[in-house]
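task: produce atomic coordinates for the following.
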Amino acid sequence: MFSVRVEKVIKYNENYSTIFFDSYLKSYPGQFVMVNVFGYEEIPLSLSSPNSVTVKAVGKTTKALINIPTGELLGIRGSFGKPFTPTNGKALLIAGGIGAAPLFYLHDYLKRKGVEVKVLYGARTQEELIWKSRFENVVTSTDDGSEGFKGTVFDLLKRERIEEYSKIYCCGPEALLKKLYNYFEELEILSKTEFSLERYMRCGIGVCGSCVLENGLRVCADGPVFRGDEIDF
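This is a model prediction of the structure:
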């Protein structure tokens, strides 16, 4: 473990923040770090850039983290895991809620490579569509219609010409990922999709077994990014 200092915090609302470190981590989009919030517990978080994590408050540790003052120290292990696979063709990014976090990093990475990128970004309410200005070509949706298309990001997807994309990247709640998986399976295009999965992790390096999928793959070591034809929802 090594320490980084909190350089900046963007707090979007009472539940969401992006925390920037004073050090850039050697990493790729889709990888995660184990973050030790001193006085609390160590938690896995996807990188939203080489020097940031974007966090939703769901417990004591994440609540402390989104309110952390600048200048504080955090313990970091990582980066860990298998990242997204870049494409040279047209890319579609599908983000549901806080699942946008690793896709912020991927979006910037692909744009620097000159890839044409489109983003479908959905959430329950306008408040949960955080940092949407980070995406250049984005279509938004909210369940309650408070911003963008009224409906889900899956509804947005069904309006897309899927054949135009060489790679489709997905991250979001499990229920959304299952719907996306089933849709892509019907279209017989799972091999060109990638899913970032979230499971409970303790060690982050594939030893403890807490994040093993039904097929035996470990989310922390064999993922967290999997090709659609590697998993089975």
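
all contacts plus neighbour counts: C-alpha atoms, from now on.
Fine.

check contacts around L65.
Counting by Cα atoms under 8 Å, 6 or more residues apart in numbering, L65 makes contact with 37, 55, 57.

so what touches the helix or strand containing the second one?
Using DSSP states H and E, the element containing V55 is strand 52-56. If you take Cα under 8 Å, 6+ apart as the criterion, strand 52-56 is touched by 15-21, 45-48, 62-63, 65-66, 98, 101.

how's the protein carved up into domains?
As given by automatic domain parsing, the domain ranges for the chain are 2-80, 91-196.

and these as CSV, adding mean pLDDT and distance to I231?
Listed next are the domains of the chain as CSV, based on pLDDT from 0 to 100; distance: least, Cα to Cα, whole Å:
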stretch, mean pLDDT, distance to I231
domain 2-80, 95, 17
domain 91-196, 94, 9
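
looking at the ones you listed, which is closest to P224?
domain 91-196 (5.3 Å; Cα to Cα).

gap between the residue nearest the centre of the chain and D144?
Centroid check for the chain by Cα atoms, centre = their mean gives P102 as the closest residue, at 3.2 Å. In this view, P102 and D144 are 25 Å apart by Cα to Cα, to the nearest Å.

just Y169 next, same as before
25 Å.

tell me, how many residues neighbour K132?
The number of residues packed near K132 is 16, by other Cα atoms under 10 Å.

please disregard the earlier target; I meant E7.
For E7, the count of nearby residues is 17 (other Cα under 10 Å).

contact partners for it?
The contact partners of E7, by Cα under 8 Å, 6+ apart, come to 19-22, 70-71.

all strands for this structure, in order.
With DSSP state E applied, the chain shows strands at 2-13, 16-21, 32-36, 42-49, 52-56, 73-80, 91-96, 117-123, 138-142, 149-150, 167-171, 193-196, 225-227, listed in chain order.

right, and those - which one's nearest Y109?
Of the strands of the chain, nearest to Y109 by Cα to Cα is strand 42-49, at 9.1 Å.

that closest one packs against which elements?
Contacting strand 42-49 under the criterion 3 or more Cα pairs under 8 Å, 6 or more residues apart in numbering; DSSP states H and E are the following elements: strand 32-36, strand 52-56, helix 100-112.

go again using 10 Å as the cut-off
Counting by 3 or more Cα pairs under 10 Å, 6 or more residues apart in numbering; DSSP states H and E, the packing neighbours recorded for strand 42-49 are strand 16-21, strand 32-36, strand 52-56, helix 60-66, strand 73-80, helix 100-112.

give me the residues contacting stretch 177-186.
Stretch 177-186 is contacted by residues 94-96, 153-154, 157-158, 162, 168, 170-172, 174-175, 187-197, 228-229, 231-233 when judged by Cα atoms under 10 Å, 6 or more residues apart in numbering.

now restrict those residues to buried residues only.
Those of the contacts of stretch 177-186 that meet the buried threshold are 94-96, 153-154, 157, 168, 170-172, 189-190, 192-197, 228-229, by 16 or more other Cα atoms under 10 Å.

on that earlier part again, now the helices and strands packed on strand 42-49 as CSV including distance to P86?
Listed next are the helices and strands packed on strand 42-49 as CSV, based on distance: least, Cα to Cα, whole Å:
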stretch, distance to P86
strand 16-21, 24
strand 32-36, 17
strand 52-56, 20
helix 60-66, 30
strand 73-80, 17
helix 100-112, 7
